[in-house]
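Q: compute the structure for the input listed below.
(one chain, ligands or ions: 2)
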Amino acid sequence: MSSASYALNLWYQAGWSEELAVGGSLARTIAEIPVLFFRRSDDSLSALLDRCPHRFAPLSKGCVENDVVQCGYHGLVFDHEGQCVENPYGPVLKSMRVPAYPVVERHDAIWVWLGDAAMADPADIRDLSFIDDTPETAKFRGYLHSKANYQLLNDNILDLYHTGYLHADSIGGLFPETVMAAEETDDRVKVSWTSENVPSNATFRARGGASDRMDQRVEVIWSKPGVMTLDATEVAAGATVNFEDHIVALHSMTPETPTTSHYFYCATRRYDMDNAGMTELIRSLATKAFVDEDKPMLEAQQQRVGEADFWELKPLLLPIDKAAVLARRKLEKLIAAEDGGR
Ligand code: FES
Ligand SMILES: [Fe+2]
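A: Numbers count the residues shown, from 1 in each chain. Ligands and ions are numbered 1, 2, ... in the order given. The predicted model follows:
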């Protein structure tokens, strides 16, 4: 598999809804396809290829106004479906159009379909209703641009043993004796890590956990292309785990180019839900881990990989890699089924 191939018949997370105000626009490249998103006056979204069909200027260098976009180079105007509606130099023809993509908002996020539009079914967007069910005071969303392939970002969440080393001084991590279990279904990979009676960590203490020993369980469920829910509980050793004990997060990876990605995350919690200060505390711990620890490591990995194919470098596979390898295999199958992507 070339790292430059992508499955296109699936929903890619393109952003967070809050990134687009009415009248606003957002240019984002996904799977090497430049897309211009804009929000119309009725609050609905449009997604157009960000390349004028005339001389290929980025439409994002033009202006979005009154629900249409005007190219900044010679002034052609396109509507929300990509149809040219104004041509300063002559008649408007049906054939003067720019491709438009299905785009849907769900779970505070924007999802785009870049493949065969006839196959785009919003019902295929992963159910992330835990995000909708959480009040703003108990969740935070974030976006990181990463100079690493999205599959390295997937690997990072599907292998949480790295936390014991990379995040030992921030959020704390798993211990080598943590028990991992990984399994796959048709379209999912599920992996969990369970530790009992281990020293408590910073997130447990931040929540007010008084015990110096805790039981910890983390479960990640992956679906294509890199939509991962992470459900974590940390309770005093021996205590019962209740509904309120769960922190449930989304880690969603979208390819930009073979060596760059969009990383969207959203963390929700079920305890102390009115406490915006607690949200800020968790946000700062998590952001430090993602920005100061994961991001530099992933980008340094990509530097070493360069443009090479991951498998051709013959990675040394360890038992801890099982879930990451299962997810990679599923993506490879999808890409092969679409005839090698583009
Ligand atoms: S390149 Fe857009 S109008 Fe010429
Ligand atoms: Fe990490």
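
Q: is it fair to say residue 267 lies in a helix?
A: No - looking at residue 267 with DSSP: H, G, I helix; E, B strand; the rest coil, it is strand, so not inside a helix.

Q: next, count neighbours for it.
A: By other Cβ atoms under 10 Å, 22 other residues sit near residue 267. Heads up, the C-betas are built off the backbone N, CA and C, glycines and all.

Q: equivalent analysis for residue 41, please.
A: 9.

Q: need phi/psi at it.
A: For residue 41, the backbone dihedrals are phi -70, psi -20 (criterion: degrees, to the nearest 10).

Q: not counting sequence-adjacent ones, nearest residue to residue 89?
A: In this structure, residue 89 finds its nearest non-sequential neighbour in residue 74, 7.7 Å apart by Cβ to Cβ, 6 or more residues apart in numbering.

Q: give the helix, strand or coil label for residue 174.
A: coil.

Q: need the pLDDT of residue 209.
A: Looking at residue 209, its pLDDT is 80.

Q: residues contacting the closest residue to it other than its chain neighbours?
A: Closest residue to residue 209 apart from its sequence neighbours, by Cβ to Cβ, 6+ apart: residue 200 at 5.7 Å. For residue 200, the contacting residues are 209, 211-214, 234, 236, by Cβ atoms under 8 Å, 6 or more residues apart in numbering.

Q: between the residues you listed, which sits nearest ligand 1?
A: Ligand 1 lies nearest to residue 234 out of the contacts of residue 200, by Cβ to the nearest ligand atom, at 54.5 Å.

Q: tell me the pLDDT at the closest one?
A: pLDDT at residue 234 comes out at 92.

Q: so it, which state does it fall into?
A: Strictly by three-state DSSP, residue 234 counts as strand.

Q: ok, now which ones touch it?
A: So residue 234 contacts 200-201, 203-204, 207, 209, 214-216, 245 (Cβ under 8 Å, 6+ apart).

Q: and for residue 177?
A: residue 195.

Q: helices or strands up against the worst-scoring helix or strand of the chain on mean pLDDT?
A: Every helix and strand of the chain was ranked by mean pLDDT, DSSP states H and E. The lowest is helix 202-206, at a mean of 78. Secondary-structure packing of helix 202-206 (3 or more Cβ pairs under 8 Å, 6 or more residues apart in numbering; DSSP states H and E): helix 276-287.

Q: avg pLDDT for the helix it packs on?
A: 89.

Q: can you name the next helix or strand after it?
A: Moving toward the C-terminus from helix 276-287, the next helix or strand (DSSP states H and E) is helix 295-305.

Q: where does the residue nearest to residue 209 fall, phi/psi-wise?
A: phi -70, psi 160.

Q: ligand 1 contacts on the stretch 1-150 of the chain?
A: With Cβ under 6 Å from any ligand atom as the criterion, the stretch 1-150 of the chain meets ligand 1 at residues 52, 54-55, 57, 71, 73-76.

Q: ok so, going back, tell me the confidence at the residue nearest to residue 209?
A: Residue 200 is given a pLDDT of 87.

Q: cool, residue 170 as well?
A: pLDDT for residue 170: 80.

Q: ok, residue 122 next?
A: 98.

Q: who's the residue lying closest to it once chain neighbours are set aside bridged to?
A: Ranked by Cβ to Cβ, 6+ apart and with sequence neighbours excluded, the top spatial neighbour of residue 122 is residue 104, at 4.7 Å. On the basis of DSSP bridges, residue 104 is bridged to residue 111.

Q: contact partners for residue 144?
A: Neighbouring residues of residue 144 by Cβ under 8 Å, 6+ apart: 262-263, 265, 290-291, 295.

Q: let's see 6 Å
A: By Cβ atoms under 6 Å, 6 or more residues apart in numbering, the contact list for residue 144 reads residue 263.

Q: tell me the SS of it?
A: Residue 144 is classified as strand under three-state DSSP.

Q: and it, how far from residue 251?
A: Computed as Cβ to Cβ, to the nearest Å, the residue 144 to residue 251 distance reads 10 Å.

Q: if I read this right, residue 237 contacts residue 213, doesn't it?
A: Yes - using Cβ atoms under 6 Å, residue 237 is in contact with residue 213, at 4.0 Å.

Q: give the buried residues for stretch 201-216.
A: 201, 203-204, 207, 209, 211, 214-216 (16 or more other Cβ atoms under 10 Å).

Q: contacting residues for residue 138?
A: 269, 273.

Q: hang on, the earlier thing: in TSV, list the contacts of residue 200 along with secondary structure and distance to residue 185.
A: Listed next are the contacts of residue 200 as TSV, based on DSSP: H, G, I helix; E, B strand; the rest coil; distance: Cβ to Cβ, whole Å:
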residue	secondary structure	distance to residue 185
209	coil	34
211	coil	36
212	coil	38
213	strand	34
214	strand	30
234	strand	27
236	strand	33
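
Q: and those residues, which two are furthest apart?
A: Spatial extent of the contacts of residue 200 (Cβ to Cβ) is set by the pair 212 and 234 at 12.5 Å.

Q: give me the element the closest residue to residue 19 other than its chain neighbours is part of.
A: Distance criterion Cβ to Cβ, 6+ apart; nearest residue to residue 19, sequence neighbours excluded, is residue 26 at 5.6 Å. Using DSSP H and E, residue 26 maps to strand 25-30.
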